[in-house]
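A.B. asks: got a structure for you, letters missing:
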């Protein structure tokens, strides 16, 4: 805790700590030979076509070895361990987030 | 011995400089805040251990300690007596079924509304009557604001950045109220959910702003609730597509008229569930129906192959949360949900 001689001191409302290991994984140096996973939020079916096209592109143009597709149960429900753990075990990187 | 405060200290020239600094840093909701000095934070904390940990607030996953909750409560203008309500509200939001990560980052406008039940609502003078969803009442305004500041500062729910709401809504400043238990003809919501009448609870429910339902004409339950169901049947809100919970808040005059015909709260839920329906041919032009949509969140008995099938607003009558609140006048409200569950949490004092 920093000390100060200022006449008026306030405390930061911002968080001082975060979950251990909860940050973003280190960026891959290259895609070639890697396994890449897509985690679809399951909002609209066209997402699947988009991810399928992107997966094909990654394999054909970037040398990605394998592409894995997974879905959240729905966009208002969080992904459970049975969805996340296989991705953690098999994928070198996971692409997720909204894609409306 | 008092436990030390661990938050970063920030020296400033005076309180006005502190308010400007918090504005510049994006640490407020756009309104000035009370500068959280160590003295005010200590007073807010009372006997709570500043480093007691409640969890990580998504989507930024900032660590929520009692100290951080107290800092944001001071900023919002809360009294120390309000802190237990805020703690329980945060606990409710951190349950998995509440899905705070989704609520904070969705393009939908929803934000949690918080409903307080039990004796503490009266002790703290949380408004449950005239104007309870509006401005002008310190408990409602400051506790609701504190919970929003916690969502922003610890959770990182910053509008236009991680909070991707297309519009947002005014409840993102504050959206906390109490059930009007004194003027309700039925058991309070927390008793319906298995708590004792002498317990105090907070219910967190992610939703749109209230939609007014004006009915000065009728005393008959069928007529009053037909109008309520009509408002619920408006297409475009999430419930018809995503289900989850939905909420109706009856004013005391409507509720009393309905109860005078010996209707229980359960009768209200069943009638609304049976009546607030739309045929699939209407739903397909809105929401997330569309040719590509899997349409799989309705109950199995909804025949997807028949466009005349009536889909319910939620899966079961118990998914319609019915409260009584408000003052004089024959106006009730409907609050469409985001598509998740309301979570009720006991307030420990």
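C.D. replies: Structure received. Model, not experiment: these values are computed from the prediction.
A.B. asks: is residue B:333 in a helix, a strand, or coil?
C.D. replies: strand (DSSP: H, G, I helix; E, B strand; the rest coil).
A.B. asks: touching, it and residue B:215? I think so.
C.D. replies: No. The criterion here is Cβ atoms under 8 Å, and residue B:333 misses it with residue B:215 at 11.8 Å. The way it works is simple: take the backbone N, C-alpha and C, and place the C-beta from them, glycine included.
A.B. asks: contact partners for residue A:59?
C.D. replies: Shown in contact with residue A:59 (Cβ atoms under 8 Å, 6 or more residues apart in numbering or on different chains): A:65, A:66, A:67.
A.B. asks: try 10 Å
C.D. replies: By Cβ atoms under 10 Å, 6 or more residues apart in numbering or on different chains, the contact set of residue A:59 is A:31, A:36, A:65, A:66, A:67.
A.B. asks: among those, name the ones in strands.
C.D. replies: A:36, A:66, A:67 (DSSP state E).
A.B. asks: any chance you could map the strands in the chain?
C.D. replies: Went with chain A since none was named. Secondary structure of chain A by DSSP E: the strands cover A:8-11, A:35-40, A:66-71, A:93-95.
A.B. asks: chain B was what I was after
C.D. replies: Secondary structure of chain B (DSSP E): strands located at B:9-12, B:53-57, B:62-65, B:111-117, B:176-178, B:201-207, B:211-214, B:246-250, B:277-279, B:310-312, B:320-324, B:331-335, B:343-346.
A.B. asks: are any of the ones in strands among the contacts of residue A:59 buried, and which?
C.D. replies: Neighbour-count burial (16 or more other Cβ atoms under 10 Å in any protein chain shown) applied to these gives A:36, A:67.
A.B. asks: out of the ones in strands among the contacts of residue A:59, which one sits closest to chain B?
C.D. replies: residue A:67 (21.3 Å; Cβ to the nearest Cβ).
A.B. asks: relative to chain B, how far out is the nearest residue to the closest one once chain neighbours are set aside?
C.D. replies: Distances taken as Cβ to Cβ, 6 or more residues apart in numbering or on different chains place residue A:55 nearest to residue A:67, at 3.7 Å, with adjacent residues excluded. From residue A:55 across to chain B, the span is 19 Å (Cβ to the nearest Cβ, to the nearest Å).
A.B. asks: got the contact list for residue A:55?
C.D. replies: A:36, A:37, A:38, A:64, A:66, A:67, A:68, A:69, A:95.
A.B. asks: can you pull the contacts of the residue of the stretch 101-250 of chain B found nearest chain A?
C.D. replies: The nearest approach of the stretch 101-250 of chain B to chain A comes at residue B:153, 4.4 Å away (Cβ to the nearest Cβ). Counting by Cβ under 10 Å, 6+ apart, residue B:153 makes contact with A:12-15, B:22, B:25-29, B:57, B:60, B:62, B:64, B:68, B:71-72, B:75.
A.B. asks: spit out the contact partners of the residue nearest the centre of chain B.
C.D. replies: Centrality entry for chain B: nearest residue to the mean C-alpha point is residue B:113, 1.4 Å, by Cα atoms, centre = their mean. Contact partners of residue B:113, counting by Cβ under 10 Å, 6+ apart, are B:133, B:144, B:171, B:174-177, B:203-210, B:247, B:249, B:335, B:337, B:342.
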